[in-house]
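A.B. asks: Have a look at this prediction, sequence included:
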Amino acid sequence: MGPVSTIMAKAKKAKHIAIAGNIGAGKTTLTEMLSKHYRWIPHFEDVDHNPYLMDFYEDMPRWSFNLQIYFLNSRLRQLVEIQQGSETIIQDRTIYEDANIFAPNLHEMGLMSKRDFDNYYEFFQTLKTLVQPPDLLIYLQASVPTLVGQIQKRGRDYEENIRLDYLKRLNDYYQKWIADYKEGRLLIIDVDKLKFGEREEDLGEVIRRVDAELHGLF
């Protein structure tokens, strides 16, 4: 058994890999690529069937709490499925991001009341005690220009009006969260430098780093 197959055998023991990052960082792209490479089962964020998203972008104060509860429930359901199953799952976005980045940002922008935010965050804290953190969290770190470029490239209608200051605020929350992240193993990928969606060798470098983390897990 050579070193590569040894790593692959060890990698199979990880049950939950999660990819975190701002809007447009490349989470879905990397989830697809890594799931193909390692034969992991991908769990994507279902933006097409989200019953609140269009309403939220039209009237954020009215729909922010509803949207966040919807995300919390769907993410929690994924985590329960991961824990009950035996396959390795790679998850596009995490339950932590909703609670530590998106909800506090909505509250700070005056788009979610203090009462709703406190209720939501306490609910999250309770739920968090019932589920396992990911074996490995991969954080895609990207500057605002990189995010804007990638958002424009995919051309989703409801993302057309996302403002630069909104992306910057989210980035600030992400940096704060990642700096304090203690739930488990963490790998940070600089998306400004590693264009894994466009360059084969950059994807190879990301895979090499993921291998190193998985190898160190066991």
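C.D. replies: Received it, and whenever you're ready, just let me know what you need.

A.B. asks: I'd like to know how far the spatially most central residue of the chain sits from residue 21.
C.D. replies: Nearest to the mean C-alpha position of the chain, by Cα atoms, centre = their mean, lies residue 93 at 2.1 Å. Per Cβ to Cβ, to the nearest Å, residue 93 is found 8 Å from residue 21. Yep, even glycine has a C-beta here, placed from its N, CA and C like the rest.

A.B. asks: do the same with residue 164
C.D. replies: In terms of Cβ to Cβ, residue 164 sits 17 Å off from residue 21.

A.B. asks: Over to residue 167?
C.D. replies: For residue 167, the distance to residue 21 - Cβ to Cβ - is 12 Å.

A.B. asks: Could you check how far residue 204 is from residue 45?
C.D. replies: For residue 204 relative to residue 45 (Cβ to Cβ), the value is 26 Å.

A.B. asks: And residue 118, by the same measure?
C.D. replies: Separation of residue 118 from residue 45 (Cβ to Cβ): 25 Å.

A.B. asks: What of residue 86?
C.D. replies: Taking Cβ to Cβ, one finds residue 86 at 23 Å from residue 45.

A.B. asks: Neighbour count for these two, which is higher?
C.D. replies: Taking other Cβ atoms under 10 Å, residue 86 and residue 45 do not tie; residue 45 has more neighbours (16 against 5).

A.B. asks: ok but the more buried one is inside a strand, no?
C.D. replies: No: the assignment for residue 45 is coil, going by DSSP: H, G, I helix; E, B strand; the rest coil, so no strand is present there.

A.B. asks: Ramachandran coordinates for it?
C.D. replies: With angles defined as degrees, to the nearest 10, residue 45 sits at phi -80, psi 130.

A.B. asks: so it touches residue 95, yeah?
C.D. replies: No: with contact defined as Cβ atoms under 8 Å, residue 45 and residue 95 do not form a contacting pair (11.6 Å).

A.B. asks: any residues in contact with both of these two?
C.D. replies: Counting by Cβ atoms under 8 Å, 6 or more residues apart in numbering, residue 45 and residue 95 have no common neighbour.

A.B. asks: hey, which helix is longest across the protein?
C.D. replies: Looking across the chain with DSSP state H, the single longest helix is helix 60-84.

A.B. asks: What is the subsequent helix or strand relative to it?
C.D. replies: Using DSSP states H and E, the helix or strand that follows helix 60-84 towards the C-terminus is strand 89-92.
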